[in-house]
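Trainee: Starting from these lines, generate the structure:
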Amino acid sequence: MTGRLISSCLIASLFAGCGGGSSDDPTLSCETLTCGDNGVCQADQCVCDEGFEMAAEGGCVDTNECVANNGGCGDPTYFSCANNAGGPPTCADLDECVAGLQGSNGCGIAIHWDCVNKIGNVPACTDVDECVEDADGTNGCGVAAHWECTNMTGAAPLCVDTEDCVVDGEGLNECGVAAYWVCTNVDDGAPLCEDIDECLVDNGGCGDSQYFQCTNEFGASQTCASIDECATMVTCGPHATCVNLEEGFECSCDPGFPVGDGLASNWVHTIASTSQAFAALKTGGGVVTWGAWYGGGNSQSVAGELSADVQSVHGNRQAFAAIKSDGSVVTWGSVDTGGDSSSIADALASDVVAIFSTPDAFAALKTDGSVATWGDYSRGGAKCLWDPDPAPGLCVEYVTDGLQSGVETLFSNRYAFAALKSDGSVVTWGDTKFGGKNTSVASLVAGGVQSIAATEGAFAALKTDGSVVAWGSKFEGGDTESVVESVASDVQAVFSTESAFAALRTDGSVMVWGGYDTGGWVLPHAVGQLTSGVVTIYSTDVAFAALKSDGSVVTWGDETEGGDSSAVSDALSANVQHIYASESAFAALKTDGSVVTWGWSEFGGDSGAVSDTLSAGVHTIASTRSAFAALKTDGSVVTWGDEGGDSTAVAGALAGQVTALYSTEAAFAALKADGSVVTWGSEGGDNGDVVDALSPDGGCTAE
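Mentor: Numbering: from 1, shown residues only. Reported below is the predicted structural model:
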């Protein structure tokens, strides 16, 4: 055994007590010496084990070989030495490439250098080229197609946004043919491409817009075509045939009817409706009505007053009100809902400029800014605060101030009116529980209000500072407490279902409140999709559909009545341009003219039976309570759903030349280019008794 000697005296003093004796003390021997750990007695002396040495204070301690000459491991710059108790040290190469503080390695900042360790030497350093394009089309700057990336040795790359809108030698930019696109460069993204509508200037070079139609083509040159007046507008009257010309048309008298120029006169140009009846306004100022007699379909009692000079017709649930050219008003239909205005005849004798309604009452706005009301007292027909308790209710206070002048427009819900005045203040009346009384927020709507939205039983006023103030039934959105901070500013528009509101903010986000199951709460899967990008919102009675800037749609509310669109999510992911609604279903019109439907199938949510005819060419859509009717660009009509969804009885008449669609709750009316009106459905779906009255005058006669 090799080892280190320790004097017997020292050992004795340390371990047995030497008592000051010398090392040759005959009393010390291996029989009496105790050498301790890591040592043995040899020849009456203690010897330390290999790898140990005598400590100054005595005893054997481990020898740290790494202290001298790095333990023989080599240059300490490249090798580490780890001492091992009682044995040789462990030598290991130092890996300079291990990332250290602030993301550095042996070459520099780790994200900019590839570092390869070299045993016993400096590492091999290679600059990382951040500009190499990945498989997903990105580089160190972002999407490679939109960034010019210049690699910088040992540093972040130099990034310069690519100007995607530069026109190349072939007249192209990233959007397409530059002549057809407005291209706006966007940092780190595809350019914003907006189709140039060539038809906006000089009718696209097609010629006189009276005779030629310019059609903008998406991303391409416009197309020009002669307008077929015979197919798109009322031209010739009875017993005359329209002949389309390149510039205009001519009417040819039919055989046996040689007298006259054939031109039509006094044709239907618009149609109003109640829930159960229609009223057609003709160009000569006359009105023709049909449908449920108790719903306004019978106007015989005021036929003389409706024979001429009517300018507009307005309907509520079961009554009509017509404004004549002298500013007087004529009413008919259910007495209970405003069909009889005789009690305020003097106020309606002149100067009326607009009419508004709840389902059961009317309010007329006059030129002096005053308001006249009639109809169901409890629903806004009297300018009073109506307290429904105790039944049957009581007019507890008449609204005498605020409605004599200065009113600019009116809004309504099912039970009450809200008048917006020129000074931005609001005056309300009607059922006090459902928005007719705004005492709780009177100071907040004393000025600065710019518009008002309504559920069935509450109002929400949008102010010029972007805040929203609500009142009425708290169960129908009359209380904004749950979202008070979110609607305190930056709101640009407010939308509603029957009992919930949705506020669209300037950043494209949406906040909701009101009826939990009618859109006042957003389903978890939709929350993240409503934080930005929303441009407008549509609704059924109990669900919302938000249209986003990228053409996608987000829905929430009652899942069976439009709030769940998961079954058609792919079809709604892009290119939607408008959304229509029945009471419980939605129909989305896409940019390619196709239609996507969802919601309650019996209310038009299932269009599978007519999907082929809805795959392209749809121009606009109308709805009853539970059905849809799509007007196509070729003038034909496609229907689906329940009330009014079956048009087979009039299919031939709807095959072409339809120019507009109107509806009651359960019937449709189609206005055709020849001036005729085609109806189907119930409660207004049969106009057989007034077909002649609806036809244009003029044309040709036998004599």
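Trainee: wait, is residue 693 part of a helix?
Mentor: Yes: counting by DSSP: H, G, I helix; E, B strand; the rest coil, one finds residue 693 located in a helix.
Trainee: Please tell me how far it sits from residue 679.
Mentor: 13 Å (C-beta to C-beta, to the nearest Å). C-beta coordinates here come from the backbone N, C-alpha and C atoms, glycine included.
Trainee: mind checking which helix or strand of this protein has the lowest mean pLDDT?
Mentor: When each helix and strand of the chain is scored by mean pLDDT, DSSP states H and E, helix 8-11 comes last, with a mean of 42.
Trainee: Can you list the strands that the helix or strand following it pairs with?
Mentor: Scanning forward in sequence from helix 8-11 by DSSP states H and E, the next helix or strand is strand 39-42. Partners of strand 39-42 in the sheet, by DSSP bridges, are strand 45-48 (antiparallel).
Trainee: start to end distance for stretch 575-592?
Mentor: The first and last residues of stretch 575-592 sit 8 Å apart, counting by C-alpha to C-alpha, to the nearest Å.
Trainee: do the same with stretch 163-181
Mentor: End residues of stretch 163-181 are separated by 15 Å (C-alpha to C-alpha).
Trainee: Run through who's touching it.
Mentor: 145-146, 183-186, 190-191, 193-196, 198, 219-221 (C-beta atoms under 8 Å, 6 or more residues apart in numbering).
Trainee: Show me which of these has the smallest pLDDT value.
Mentor: Lowest model confidence among those falls on residue 190, which carries 75.
Trainee: can you confirm that residue is in a helix?
Mentor: No: read with three-state DSSP, residue 190 is coil and lies in no helix.
Trainee: that older thread, the more surrounded of residue 693 and residue 679?
Mentor: Taking residue 693 and residue 679 together and counting by other C-beta atoms under 10 Å, residue 679 has the greater number of neighbours (26 against 16).
Trainee: Against residue 663, how distant is that one?
Mentor: 10 Å.
Trainee: same deal with residue 553?
Mentor: 23 Å.
Trainee: contacting residues around the closest residue to residue 274 other than its chain neighbours?
Mentor: Nearest residue to residue 274 in three dimensions, chain neighbours excluded: residue 315, at 4.1 Å (C-beta to C-beta, 6 or more residues apart in numbering). Counting by C-beta under 8 Å, 6+ apart, residue 315 touches 272-274, 277, 279, 296, 321, 333, 357.
Trainee: Break the protein into its domains for me.
Mentor: Here the domain assignment for the chain is 1-60, 64-94, 95-127, based on automatic domain parsing.
Trainee: if I've got this straight, residue 529 is in a strand?
Mentor: No: Residue 529 is assigned helix when assessed by three-state DSSP, not a strand.
Trainee: Now for residue 346, how many residues are close by?
Mentor: Count around residue 346 with other C-beta under 10 Å applied: 8.
Trainee: Point me to the helix or strand that includes it.
Mentor: Using DSSP H and E, no helix or strand contains residue 346.
Trainee: Against residue 476, how distant is it?
Mentor: 36 Å.
Trainee: Flag the shaky bits of the chain, pLDDT-wise.
Mentor: For the chain, residues meeting the criterion pLDDT under 70 lie at 1-28, 100-102, 188.
Trainee: Can you tell me how far residue 330 is from residue 317?
Mentor: Residue 330 sits 18 Å away from residue 317, going by C-beta to C-beta.
Trainee: Those two: who's more crowded?
Mentor: Shown here are residue 330 and residue 317; by other C-beta under 10 Å, residue 317 has more neighbours (24 against 21).
Trainee: Quick check: the more buried one vs residue 365, distance?
Mentor: Taking C-beta to C-beta, one finds residue 317 at 20 Å from residue 365.
Trainee: can you pull out the helices in the protein?
Mentor: 8-11, 229-232, 524-527, 691-694 (DSSP state H).
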